[in-house]
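Participant: heads up, no residue letters with this:
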């Protein structure tokens, strides 16, 4: 098992090059304020111009079938906003797809490293991975039931695709440890819980009661995932403390507050 947090020749700080640092700072005033005049106001002005002129991030597609047009039209006649619910469903669909891939990557890393720092098992990971894939199917079915197209990319789906790229890069990076990978997974699970809570609230607001049961089951499972991942992350981090030679008699002597 690779060392979790090794000490090494990290040259990113100025203390590792005192002479070059001194030379760099020699031409600066004592206040350490850069000698070059100006601030970021020009950059802010340019950004403001782009913001004012920018279009939205895509759109929710109009229904591509007669059934979809009738379903959406009927919903709008009653004062609902099906496009909002379809957008958030598209977001959840994209994120559940990413969640499935995150666990695929974590399974590979877990099998390769044979990391024993947590109570996590391969069966645990495979079960959560199956749950995420099933949640993807639940959302796809819900989109079709509302007359939407689950293969389309809505604005919020586009957004979470960009947001989750960093999480995927962390878990698939061959250099990251199980503890570091679990930190990324923990972020994903926290986001997942909030997303399902919002979907249930939107479904209730738009009287889509047929969707609420499946969404509630998914939320309960995601809450269980979050608790499992939180426990594994704490175990992995505590294991790192112990393996680093911390003066701890027993794992039970370390509390989560000591990890911060």
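Facilitator: Received, thanks. Quick caveat: nothing in here was measured; it's all calculated off a predicted structure. Numbers count the residues shown, from 1 in each chain.
Participant: which element follows the helix or strand harbouring residue 157 toward the C-terminus?
Facilitator: Assigned by DSSP states H and E, residue 157 belongs to helix 155-163. The first helix or strand that comes after helix 155-163 along the chain, using DSSP H and E, is helix 165-172.
Participant: give me the contact list for that next one.
Facilitator: Helix 165-172 is contacted from outside by 98, 101-102, 105-106, 109, 176, 180-181, 183-185, 187-188, using Cβ atoms under 8 Å, 6 or more residues apart in numbering. Bear in mind the C-beta positions are built from the backbone N, C-alpha and C, glycine included.
Participant: how about the residues you listed in a markdown table, adding secondary structure, distance to residue 141 and pLDDT?
Facilitator: Output for the contacts of helix 165-172, formatted as a markdown table (DSSP: H, G, I helix; E, B strand; the rest coil; distance: Cβ to Cβ, whole Å; pLDDT from 0 to 100):
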| residue | secondary structure | distance to residue 141 | pLDDT |
| --- | --- | --- | --- |
| 98 | helix | 19 | 97 |
| 101 | helix | 20 | 98 |
| 102 | helix | 22 | 98 |
| 105 | helix | 26 | 98 |
| 106 | helix | 26 | 98 |
| 109 | helix | 31 | 97 |
| 176 | coil | 35 | 95 |
| 180 | helix | 35 | 95 |
| 181 | helix | 31 | 97 |
| 183 | helix | 32 | 97 |
| 184 | helix | 28 | 98 |
| 185 | helix | 26 | 98 |
| 187 | helix | 27 | 98 |
| 188 | helix | 22 | 98 |
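Participant: ok, so of the residues you listed, who is nearest residue 82?
Facilitator: Compare each of those with residue 82 using Cβ to Cβ and the shortest gap goes to residue 98, at 24.5 Å.
Participant: so which elements touch the helix holding residue 157?
Facilitator: Here helix 155-163 touches helix 82-113, going by 3 or more Cβ pairs under 8 Å, 6 or more residues apart in numbering; DSSP states H and E.
Participant: what does the next helix or strand after the helix it packs on contact?
Facilitator: Per DSSP H and E, the first helix or strand lying C-terminal to helix 82-113 is helix 122-145. Here helix 122-145 makes contact (Cβ under 8 Å, 6+ apart) with 86, 89-90, 92-93, 96-97, 99-100, 103-104, 106-107, 110-111, 149-150, 210-211, 214-215, 218, 221-222, 225, 228.
Participant: so residue 8, which of the three states?
Facilitator: coil (DSSP: H, G, I helix; E, B strand; the rest coil).
Participant: okay, now it: neighbour count?
Facilitator: Neighbour count of residue 8, defined by other Cβ atoms under 10 Å: 7.
Participant: I'd like the distance between it and residue 239.
Facilitator: Applying Cβ to Cβ, to the nearest Å, the value for residue 8 to residue 239 is 20 Å.
Participant: okay, and for the stretch 151-260 of the chain, where does confidence drop off?
Facilitator: Where the stretch 151-260 of the chain drops to pLDDT under 70, the residues are 240-260.
Participant: please enumerate the helices of it.
Facilitator: 155-163, 165-172, 178-205, 209-243 (DSSP state H, counting those that start in this stretch).
Participant: dump these into TSV; add distance to residue 134 and mean neighbour count as well.
Facilitator: Output for these, formatted as TSV (distance: least, Cβ to Cβ, whole Å; neighbours: other Cβ atoms under 10 Å):
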stretch	distance to residue 134	mean neighbour count
helix 155-163	19	17
helix 165-172	20	16
helix 178-205	13	20
helix 209-243	8	18
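Participant: let's have these in TSV, adding distance to residue 121.
Facilitator: Compiled in TSV, the helices of the stretch 151-260 of the chain are given as follows (distance: least, Cβ to Cβ, whole Å):
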stretch	distance to residue 121
helix 155-163	29
helix 165-172	18
helix 178-205	13
helix 209-243	10
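Participant: which one of those helices lies nearest to residue 116?
Facilitator: Across the helices of the stretch 151-260 of the chain, residue 116 has its closest neighbour in helix 209-243 (8.5 Å, Cβ to Cβ).
Participant: can you name every helix or strand that that closest one contacts?
Facilitator: When contacts are defined as 3+ Cβ pairs under 8 Å, 6+ apart, helix 209-243 packs onto helix 122-145, helix 178-205.
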